[in-house]
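Undergrad: A structural model of the following input is requested.
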Amino acid sequence: MKLSKRFTLLAAAAAFSASTAAVAAPTFINILTGGTSGVYYPIGVALSQQYNKIDGAKTSVQATKASVENLTLLQAGRGELAFALGDSVADAWNGVEDAGFKVPLKKLRAVAGTYPNYIQIVASRDSGIKTLEDLKGKRISVGAPKSGTELNARAIFKAAGLTYKDMGTVEFLPYAESVELIKNRQLDATLQSSGLGMAAIRDLASTMPITFVSIPEDVVAKIDNAAYLSANIPADTYDGQSADVPTVAINNILVTHEGVSDEVVYQMTKLMFDNLERLGTAHSAAKDIKLDQAAENLPIPLHPGAERFYKEVGVIK
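TA: Below you'll find the predicted structure:
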């Protein structure tokens, strides 16, 4: 065989091999959630099971400190999809340093508005805490520092005329750890931002008598952020909770970044809405995800892949 012909055959073989490798390259979809005892995590696991249907997809679910960490990781390209609170998403886009964002995170793109988080302030019955004012001098946990939950705590306390200095002790701990400390009489109360029926509060309510602390409408009205809306935790959401509890709701947003391909985001969006019933089985909070509201009131631009899906189903004209 002539050398030139051998060269041609080798080049063709190499090109074929390279193209085969490119075709076979997996599509990594890392879903950034929150603590394993919260709501983000089980819904993230349910989504990952659906995303395995995407051709060549390799999915993973990462437990994190939730909103602020998730958005920072997305900006750095260390995830493809993340759950985050709407107020944190707006702060990330605008680079609000007090919220944990030193620079604007302009690579972020929205996939869907999902279900509301409810601020749930629970105290041991023995603590005597019944109102926000009663938190003065008490031991409370408010979530990880500069997490979405902790930012919610600061906003609500400010509107109620309170600061951390008014409290006896302030701990910055995730859901499950906070609950364990209340069980052990080492904390009096915890503020948690989550979907309704969250595992950690269900566990606490089934273990000991607790009190849900109301956030009245006049306090909500003083919060300088349009993402905070008055809402109720419906009666009987948790054991021993016989009446509605006035509180604050903040919408959650599924977020991606501009580096994820239009086709992958289109598939992720479609598979989520095609399988809402299964997501609701993973956690009841997902039952509040509504297709007709998914593209409304988003504080960042929609990803083109998600926009394509919403146009296809008539949500966006």
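
Undergrad: Now do the strands in this structure.
TA: Here the chain has its strands, by DSSP state E, at 27-32, 57-62, 81-85, 108-124, 139-141, 169-171, 189-194, 210-213, 229-233, 245-257.

Undergrad: Output these in a markdown table, with mean neighbour count appended to each entry.
TA: C-beta here means a position set from N, CA and C on the backbone, and glycine is covered the same way. Formatted as a markdown table, the strands of the chain follow (neighbours: other C-beta atoms under 10 Å):
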| stretch | mean neighbour count |
| --- | --- |
| strand 27-32 | 21 |
| strand 57-62 | 17 |
| strand 81-85 | 28 |
| strand 108-124 | 24 |
| strand 139-141 | 24 |
| strand 169-171 | 16 |
| strand 189-194 | 27 |
| strand 210-213 | 22 |
| strand 229-233 | 17 |
| strand 245-257 | 24 |
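
Undergrad: for those, which one sits closest to I300?
TA: strand 108-124 (5.1 Å; C-beta to C-beta).

Undergrad: what inclination does the closest one have with respect to strand 245-257?
TA: Computed by axes from the mean of the first three to the mean of the last three C-alpha atoms, to 10 degrees, the angle separating strand 108-124 from strand 245-257 equals 150 degrees.

Undergrad: can you map out the helices along the protein?
TA: Along the chain, the segments classed as helices by DSSP state H run 3-24, 40-51, 67-75, 86-94, 148-159, 175-183, 199-207, 217-220, 262-274, 276-282, 304-312.

Undergrad: possible to save these as a markdown table with distance to D288, mean neighbour count and mean pLDDT?
TA: Shown next, in a markdown table, are the helices of the chain (distance: least, C-beta to C-beta, whole Å; neighbours: other C-beta atoms under 10 Å; pLDDT from 0 to 100):
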| stretch | distance to D288 | mean neighbour count | mean pLDDT |
| --- | --- | --- | --- |
| helix 3-24 | 39 | 10 | 48 |
| helix 40-51 | 11 | 22 | 97 |
| helix 67-75 | 18 | 26 | 96 |
| helix 86-94 | 14 | 24 | 95 |
| helix 148-159 | 18 | 23 | 94 |
| helix 175-183 | 19 | 21 | 94 |
| helix 199-207 | 17 | 19 | 94 |
| helix 217-220 | 19 | 16 | 96 |
| helix 262-274 | 14 | 20 | 98 |
| helix 276-282 | 9 | 16 | 96 |
| helix 304-312 | 18 | 19 | 98 |
